[in-house]
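*Asks:* I need the structure of the sequence given here:
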Amino acid sequence: MNQLFDLKNRVVVITGATGTLTGSAARYLAAEGARVVFLARNAEKNDKALAQCRSQSPEAQCMGVIADVLDRTALERARDEVLAKWGRIDGLLNGAGGNMPKATITPEQDFTDLDFEAFRKVVDLNLNGTVLPSLVFSPALLESGGSIVNFSSVSAPLMVTRVIGYSAAKSAVENFSRWLAVDLARKTGGKVRVNAVLPGFYLSEQNHSLLMNEDGSYTERGQQVIRNTPFNRFGQADELHGALHYLLSDASKFVTGTVLPVDGGFIAFSGV
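*Replies:* Model prediction:
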C-alpha cells in the first residue's frame, strides 16, 4: 500500500507556490520526500516560501524558479533549470490563479458595470495560466510519465454570485482538464494523467476580509458560505493535502479526467 502513495524523489513543479493552498501543498509534498519546485513570479516571496519549507523540513529537496505563468519564454527557462538539476519532471500542480475586485459584480452593481479588461485579465491568469505551463512542461512529463493536477473552484459547477470572471475561468479550466486528459490518455496509453481538485471555501489573504470581520465573526458573505457548507466551517489548507497526494501518486494511476471536490459538502448541498 505504501508504494502506491510513495512520492519520494518525484519531481513536482508547483506554479503559484507562494499562495496559501499551494504553499501549504508544496511544504507537505517536500516533507513526504518529493523534490518540489516552487515556481512563482515574485523572487522575494518565493525565497520566503522556500525558507519556510526548509525550516519545516530540514531535509527537504526543494528549489525555486522565477517565471510568470503567462510568459512562455520564462516557463521554458524554468523547465530547463529543473531538468538541469534533477533530470526529470513527474508532476505539475497548476496552482497559480486568483481574482481581481474589478472582475466582480457587487450587490450594488449590474452586469453592465463589469470592467471587461479586468475580466479579461482574470480569465487570462486562471485559464491561460493553466494551459501554458501544461504546454511547456508536458514534454518532460511525457518522458517520465506522471500527473498534471489543476485547480478548479466551487464557482465552476455552481453559480456563485459576484465572481463572474473567476467563475468563467475556472469553468474553462475544468473543461480543459478533461480535454487534455482524454487527448493524452488516447495518445500515450495513460502515461500522463490530468485531473483537477475543486477546493471549497478556504480562508486566505485574498478573501479573508471578504469572509471575516476584524472581531473574528463572519461577514454577511461568510455567513452565506457557512450556511451552504454542510461541515459548517471553512476548509483548512492541510485538508487539501490528501487529495493532491492521491492524484500525484500511483494510487490514482487509472484515474484521469476527474474533478475531485474538497469542499466540506458545498457543491452537494442544494441549500434546502
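*Asks:* tell me where the stretch 1-150 of the chain has helices.
*Replies:* 20-31, 43-56, 72-86, 116-123, 129-144 (DSSP state H, counting those that start in this stretch).
*Asks:* winner for burial among these?
*Replies:* helix 20-31 (a mean of 23; mean count of other Cβ atoms under 10 Å). All C-beta spots, glycine's among them, are computed from the backbone N, C-alpha and C.
*Asks:* need the residues that contact stretch 222-230.
*Replies:* 200-201, 210-212, 218, 232-234, 263-266, 268-269, 271 (Cβ atoms under 8 Å, 6 or more residues apart in numbering).
*Asks:* check those and tell me the two furthest apart.
*Replies:* Met212 and Ala268 (24.2 Å; Cβ to Cβ).
*Asks:* of the two, which one has the most company?
*Replies:* Set Met212 next to Ala268 and count neighbours by other Cβ atoms under 10 Å: Met212 wins out with 16 against 9.
*Asks:* next, the contact list for that one, please.
*Replies:* 203, 218-219, 222.
*Asks:* for the chain, what are the low-confidence residue spans?
*Replies:* 1 (pLDDT under 70).
*Asks:* so the biggest strand by length in it versus helix 129-144, what angle?
*Replies:* Criterion DSSP state E: the longest strand present in the chain is strand 192-199. For strand 192-199 against helix 129-144, the angle by axes from the mean of the first three to the mean of the last three Cα atoms, to 10 degrees is 140 degrees.
*Asks:* please renumber so the chain begins at 3
*Replies:* Sounds good: first residue 3 from here, last item strand 194-201.
*Asks:* so what secondary structure elements neighbour strand 194-201?
*Replies:* helix 131-146, strand 148-153, helix 166-190, helix 243-250, strand 261-264 (3 or more Cβ pairs under 8 Å, 6 or more residues apart in numbering; DSSP states H and E).
*Asks:* so can I have JSON lines of these showing distance to Gln58?
*Replies:* Shown next, in JSON lines, are the helices and strands packed on strand 194-201 (distance: least, Cβ to Cβ, whole Å):
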{"stretch": "helix 131-146", "distance to Gln58": "25"}
{"stretch": "strand 148-153", "distance to Gln58": "22"}
{"stretch": "helix 166-190", "distance to Gln58": "29"}
{"stretch": "helix 243-250", "distance to Gln58": "13"}
{"stretch": "strand 261-264", "distance to Gln58": "22"}
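*Asks:* among the ones you listed, which is nearest Val67?
*Replies:* Nearest of the helices and strands packed on strand 194-201 (Cβ to Cβ): helix 131-146, 11.4 Å.
*Asks:* returning to what we had before: and the helix or strand just after the longest strand of the chain, what does it pack against?
*Replies:* Proceeding N to C from strand 194-201, the next assigned helix or strand is helix 210-213, under DSSP states H and E. If contacts are counted by 3+ Cβ pairs under 8 Å, 6+ apart, helix 210-213 sits against helix 222-229.
*Asks:* for the helix it packs on, the distance to its chain's centre please.
*Replies:* 23 Å (Cα atoms, centre = their mean, to the nearest Å).
*Asks:* only C-alpha atoms, please: export it in CSV.
*Replies:* Listed next in CSV are the C-alpha coordinates belonging to helix 222-229 (Å, rounded to 0.1, in the frame of the first residue of the first chain):
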residue,chain,number,x,y,z
GLU,A,222,-22.6,38.5,5.6
ARG,A,223,-20.8,36.8,2.7
GLY,A,224,-19.1,34.5,5.1
GLN,A,225,-22.4,33.6,6.7
GLN,A,226,-23.8,32.7,3.3
VAL,A,227,-20.9,30.3,2.7
ILE,A,228,-21.1,28.6,6.1
ARG,A,229,-24.9,28.2,5.8
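*Asks:* list the buried residues in it.
*Replies:* Across helix 222-229, burial judged by 16 or more other Cβ atoms under 10 Å covers 223-224, 226-228.
*Asks:* re earlier: out of the helices and strands packed on strand 194-201, deepest packed?
*Replies:* By mean count of other Cβ under 10 Å, the helices and strands packed on strand 194-201 have strand 148-153 as the most buried, with a mean of 26.
*Asks:* can you list contacts of stretch 166-180?
*Replies:* So stretch 166-180 is contacted by 99, 101-102, 105-107, 113, 116, 120-121, 123-125, 127-129, 132-133, 150, 152-155, 157-159, 161-162, 196-198, 259, 261 (Cβ under 8 Å, 6+ apart).
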